[in-house]
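J.: pasting a predicted model and its sequence here:
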Amino acid sequence: MTVRQGTHKVRIGSQELEIPLVPIAQDLTIALLISVDQGVEFARVAGGELAHKLAPYHPEIVVSVATMGIPIAIEVTRALSLDDYVILHKTPKIHLADAISEPVRSITTATAQRLLFDRARLDAVVGRRVAVVDDVISTGGSTKAALNLMRRVGAEPVVVGTLVTEGGQWRSYLGEDAALVQSLGSIPLFRHGAHGSLVEDWEGLSGTTPAQAAGEI
């Protein structure tokens, strides 16, 4: 399917958004969801609907990645009638000087980063059923790092929740963990066609991949 440049409509559960199309490489454009810009009501509804998908897995705590995942983590936690959540960070802070870390790359970040877990929060996750949530899963890099980190400290990830999946590369990157993913929607990648048109790419199998565009490969 060929689309015009500008914006892309995406359905996230019961809600529909129009999000900008942003070039990230010579032959690759993405539909960019900035979840923290969508408002309180959007996060409340989306968090509740995502929690409904996660509830059958009986998570005991929600884990997410700063910063885009924070509103989703809060609303999913609230909707699951839980009272605690854990945020993994990519930016070093004073309380993370002795953090447990895991390497991570993402589609929107050109340089290597580390996912940081505050040792003071170990008791919140060790031996507990964890739901890892985020706003978008694209390459699967952040999700894989979060799952690896949780398993290293003795937590049990039982489900992964996301507002949208992007393209299809995340499935191969996550491997068996792809089966854990529950999503409210999906968006394609966009390849550059003739005369400035954009062509939807649901698998990411041609041209520059998101990982290459982000400097991962």
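T.: Arrived safely.
J.: packing partners of the strand or helix carrying residue 142?
T.: Under DSSP states H and E, the secondary-structure element containing residue 142 is helix 141-152. If contacts are counted by 3 or more CB pairs under 8 Å, 6 or more residues apart in numbering; DSSP states H and E, helix 141-152 sits against strand 61-65, strand 100-106, strand 109-117, strand 129-137, strand 156-166, helix 169-174. In this view, the C-beta of every residue, glycine as well, is placed from N, C-alpha and C.
J.: if we use 10 Å, what do you get?
T.: Packing contacts for helix 141-152, counted by 3 or more CB pairs under 10 Å, 6 or more residues apart in numbering; DSSP states H and E, involve strand 61-65, strand 85-88, strand 100-106, strand 109-117, strand 129-137, strand 156-166, helix 169-174.
J.: any idea which of the ones you listed scores lowest on pLDDT?
T.: Of all the helices and strands packed on helix 141-152, mean pLDDT reaches its minimum on strand 109-117 (a mean of 80).
J.: tell me where the chain is predicted with low confidence.
T.: Across the chain, the ranges flagged by pLDDT under 70 are 1-5, 105-111, 205-217.
J.: centroid-wise, who is the farthest residue in it?
T.: Among the C-alpha atoms of the chain, the one most distant from their mean position (CA atoms, centre = their mean) is that of residue 195, at 32.3 Å.
J.: tell me the spacing between residue 79 and residue 203.
T.: Using CB to CB, to the nearest Å, one gets 32 Å for the distance from residue 79 to residue 203.
J.: nearest to residue 148, of the helices and strands packed on helix 141-152?
T.: The minimum distance between residue 148 and the helices and strands packed on helix 141-152 falls on strand 100-106, with 5.3 Å, by CB to CB.
J.: and the closest one, how far from the chain's centre?
T.: Chain-centre distance of strand 100-106: 14 Å, with CA atoms, centre = their mean, to the nearest Å.
J.: paired strands for it, with orientation please.
T.: Using DSSP bridges, the neighbouring strands of strand 100-106 in the sheet come out as strand 109-117 (antiparallel).
J.: re earlier: the residue farthest from the centre of the chain should be in a helix, yeah?
T.: Yes: using DSSP: H, G, I helix; E, B strand; the rest coil, the secondary structure at residue 195 is a helix.
J.: ok, back up a step: okay, the angle between the helix holding residue 142 and strand 100-106?
T.: Regarding helix 141-152 and strand 100-106, their directions subtend 160 degrees when assessed with axes from the mean of the first three to the mean of the last three CA atoms, to 10 degrees.
J.: and helix 141-152, what's buried?
T.: Buried positions in helix 141-152, judged by neighbour count with 16 or more other CB atoms under 10 Å: 141-147, 149-150.
J.: before we move on, back to that, pull up the gap between the residue farthest from the centre of the chain and residue 61, please.
T.: Taking CB to CB, one finds residue 195 at 51 Å from residue 61.
J.: repeat that for residue 176.
T.: Distance of residue 176 to residue 61, given as CB to CB: 22 Å.
J.: quick one: which of the two has more around it?
T.: residue 61 (21 against 6; other CB atoms under 10 Å).
J.: which ones are touching the more buried one?
T.: Counting by CB atoms under 10 Å, 6 or more residues apart in numbering, residue 61 touches 73, 77, 80, 82-86, 121, 124-125, 128-131, 150, 155.
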